[in-house]
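Undergrad: sequence first, predicted model second:
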Amino acid sequence: MCVNYTQMKLKYSINFRVEQRKDKDGNQIVKNIPIIVDFTFNGQRIKDPIGYRVDLSQWDETKQLVKRNNFNINVISSLIINQRINTIKTHLIDIYTEKTNLNVPLTPLLIREELKIRLNDAKPVQATQLNVIDLLQLFIDSESHQNSWANGTKIKFNTFKTHLSDYKSNLQFSDITEAFLLKYIDHLGTTLNFSNSTNAKYLKMFRWFLNWASKKGYNTNFEYKNFEYKFKGTTTSNLQKNIVFLNWEELKHLNELNLSFNKMLDQTRDIYCFCCFTSLRYSDIANLKKSDFKTDNNGNYYIEILTVKNDEKLNIELNKYALAIWNKYKDIELMDNRAFPVISNQKYNKYLKDVAQFAGFKNKETVITYKGNQRTELTYEKWQLLTTHTARKTFIINALYLGIQPDIIRSWTGHKDHKTMEQYIKIVNEQKRISMNKFNEI
C-alpha cells in the first residue's frame, strides 16, 4: 500500500498502519486500534485516522490492509474497511497530482479539506446505520467464518436472507413485532407454499440471528423473545412417521447384494452401507481420509474424525460390517488420500435410488406434511425415499433396536441432547410391538 512518486521533483508517500498505543502500564494495546493514513508530501505530513479500528492480529503490515475474512469489534468486514483504504489512497493521489499540475501550493489543511469533500459520499459505514438485511449478511459472514460453519448451514442462511429481503428489503429491528412475525409466517406458508417444518426451521434461524444482534447491541427490540408459535406437525410424535430407514433385514440384504455388474452402483451401495454401520453424515464420509482410520492397543479399528457440521471430534469403533467395506477400499489410491470414492451428493442420491430399486425396496411409506392446518399424505415406495440422510437414521434405529444404550449411541453420532433420540426410541418401541405381535399370528 506504500506509494512513492516523483513528479516535477516533488515527492510524496502514502502509508497505512495501525496506531501504536500503550496502556497505563506501558503495555502495547492490541485490541480495537485506529487505522492511520500517513501522507508525506513536499516535506510536510498528514497523519489522520481513517474512521475504522481493528485488532492488531487482523492487520497485514506488509500489504497495509486488513486481513481477509475478518471483522472488527463493530462487525465491519475487512472488505468494507479495505475499500475505505483504497478510496483514500486514490483521492490523495488525485489531489496531489491535480494541485501540483495547477501549481496550487499544497498544505496539510488544503489536503485535509479537499479529502473531506471527496469522501463526503464515502463516509465510514457504521453497523448501527445498517438495516436488518444488511446486518443479517454481516451475521452470516462473521459467524460462518468465526465458527467454521458447514457450507450447508451458510447456504440455508443465505436462502433465508433472500426470502426475508424479498418480503421486506428495508426491514428495521423496530418492525419486528408479534404482528410482523405472524404475517411473515403466513407469507412463507401461503405465498411461498413452504411446509410447516420448513417454516419452523426459518423461524429458528431468525431467532438465532436476532439473539446475536441483541447481544451485539444492534437490536433493542426484544418483543421476538416472547413470541411463541406452534407449527402443526412438527412435534416428535408427528415427525416419527416421516423418518425413513432400513431395518436390520433390509440393511443386511442391501449390504450382501451382488452389484459387481455396475461399478458406480456397487460403490454407492458400499458408501451408503458404511454410513449405516457407522452413523457418518455424507459430509463426513466425503471428507474421510485413510489417515482417519486408527487402531487401539488391541489392534481394533476405529475412525477419528472432526465433523464437518460442528467441528466435533468423534471416535467411532468399526464393527465387522464397516471393517469389511473399509478393507475393500483401503488399498485403492484416491485423490487427497480420501478413504472412499465419494461422488457429489446429487449424483449419490440418484444412484442410491437405483440401488434401492434394484434391491426391491418396494414397501409403501407414507410421508405426512402440514401447510398451516392442512395435512397432506403422500405414499411412496421406499426406494424412492432413500437419500444420504437415511443412513444416519438407519444406524441410530438399528442400534437402539439391538439394545445399545442411547448415551453410547450419542457418543458415536455426536448428538448432545437426549431429546434428539426420543423420536427414534418411539419408532423402535413401535417396531418391537409389531415384532411381538407376530407371535399372535402363529
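TA: The structure has been received and is ready for your questions. Computed from a predicted model, the values in this text were never measured in an experiment.
Undergrad: got any ranges where the stretch 51-200 of the chain has weak pLDDT?
TA: For the stretch 51-200 of the chain, the stretches flagged by pLDDT under 70 are 121-129.
Undergrad: quick one: the strands in it?
TA: For the stretch 51-200 of the chain, applying DSSP state E, counting those that start in this stretch gives strands covering 59-60, 65-66.
Undergrad: again with the stretch 301-442 of the chain
TA: For the stretch 301-442 of the chain, applying DSSP E, counting those that start in this stretch gives strands covering 301-306, 313-317, 364-371, 374-381.
Undergrad: and the first one, what does it pack against?
TA: What it means is strand 301-306. Helices and strands touching strand 301-306, by 3 or more Cβ pairs under 8 Å, 6 or more residues apart in numbering; DSSP states H and E, are strand 293-295, strand 313-317. To be clear about C-beta, it is placed using only N, CA and C from the backbone, and glycine gets the same treatment.
Undergrad: of these, flag the one that's most buried.
TA: Comparing the helices and strands packed on strand 301-306 by mean neighbour count (mean count of other Cβ atoms under 10 Å), strand 313-317 comes out on top with a mean of 15.
Undergrad: mind checking the strands of the stretch 51-200 of the chain for the one nearest to residue 300?
TA: Residue 300 sits nearest to strand 59-60 of all these, at 47.4 Å, using Cβ to Cβ.
Undergrad: I'd say residue 82 and residue 63 touch.
TA: No. Applying Cβ atoms under 8 Å, one finds residue 82 not in contact with residue 63, separated by 9.1 Å.
Undergrad: which one's more surrounded, the two?
TA: residue 82 (21 against 14; other Cβ atoms under 10 Å).
Undergrad: give me the nearest residue to that one, chain neighbours excluded.
TA: residue 65 (4.9 Å; Cβ to Cβ, 6 or more residues apart in numbering).
Undergrad: again with residue 184
TA: Distances taken as Cβ to Cβ, 6+ apart put residue 167 closest to residue 184, at 6.2 Å, once the chain neighbours are dropped.
Undergrad: same check, this time on residue 112
TA: residue 46 (6.5 Å).
Undergrad: quick check, the one you found in a strand?
TA: Yes. Counting by DSSP: H, G, I helix; E, B strand; the rest coil, residue 46 is part of a strand.
Undergrad: quickly note the distance from the residue sitting furthest away from the middle of the chain to residue 95.
TA: For the chain, the largest distance from the centre (Cα atoms, centre = their mean) belongs to residue 103, which lies 56.0 Å off. Per Cβ to Cβ, to the nearest Å, residue 103 is found 14 Å from residue 95.
Undergrad: likewise for residue 177?
TA: For residue 177, the distance to residue 95 - Cβ to Cβ - is 48 Å.
Undergrad: neighbour count for those two, which is higher?
TA: Ranked by neighbour count (other Cβ under 10 Å), residue 177 and residue 95 place residue 95 first, with 22 against 13.
Undergrad: longest helix of this structure?
TA: Criterion DSSP state H: the longest helix present in the chain is helix 78-101.
Undergrad: buried ones in that one?
TA: Buried residues in helix 78-101, defined by neighbour count with 16 or more other Cβ atoms under 10 Å: 78, 81-82, 84-85, 88-89, 91-92, 95-96, 99-100.
Undergrad: of all those residues, which comes closest to residue 342?
TA: Lowest distance from residue 342 to those (Cβ to Cβ) belongs to residue 78, with 33.7 Å.
Undergrad: that closest one touches residue 63, doesn't it?
TA: No. The criterion here is Cβ under 8 Å, and residue 78 misses it with residue 63 at 11.0 Å.
Undergrad: mind giving me the domain split of the protein?
TA: As assigned by automatic domain parsing, the chain contains the domains 3-125, 129-231, 241-441.
Undergrad: list the contacts of the residue nearest to residue 112.
TA: 37-40, 108, 111-112 (Cβ atoms under 8 Å, 6 or more residues apart in numbering).
Undergrad: got it, and residue 402?
TA: The contact partners of residue 402, taken as Cβ under 8 Å, 6+ apart, are residue 248.
Undergrad: please tell me how far it sits from residue 409.
TA: Computed as Cβ to Cβ, the residue 402 to residue 409 distance reads 10 Å.
Undergrad: what does residue 196 give?
TA: Distance, residue 196 to residue 409, by Cβ to Cβ: 28 Å.
Undergrad: so which of the two has more stuff around it?
TA: Set side by side, residue 196 and residue 409 show more neighbours around residue 196, with 23 against 18, by other Cβ under 10 Å.
Undergrad: let me have the strands of the stretch 301-442 of the chain in TSV, extended by mean pLDDT.
TA: Converted to TSV, the strands of the stretch 301-442 of the chain look like this (pLDDT from 0 to 100):
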stretch	mean pLDDT
strand 301-306	93
strand 313-317	92
strand 364-371	85
strand 374-381	88
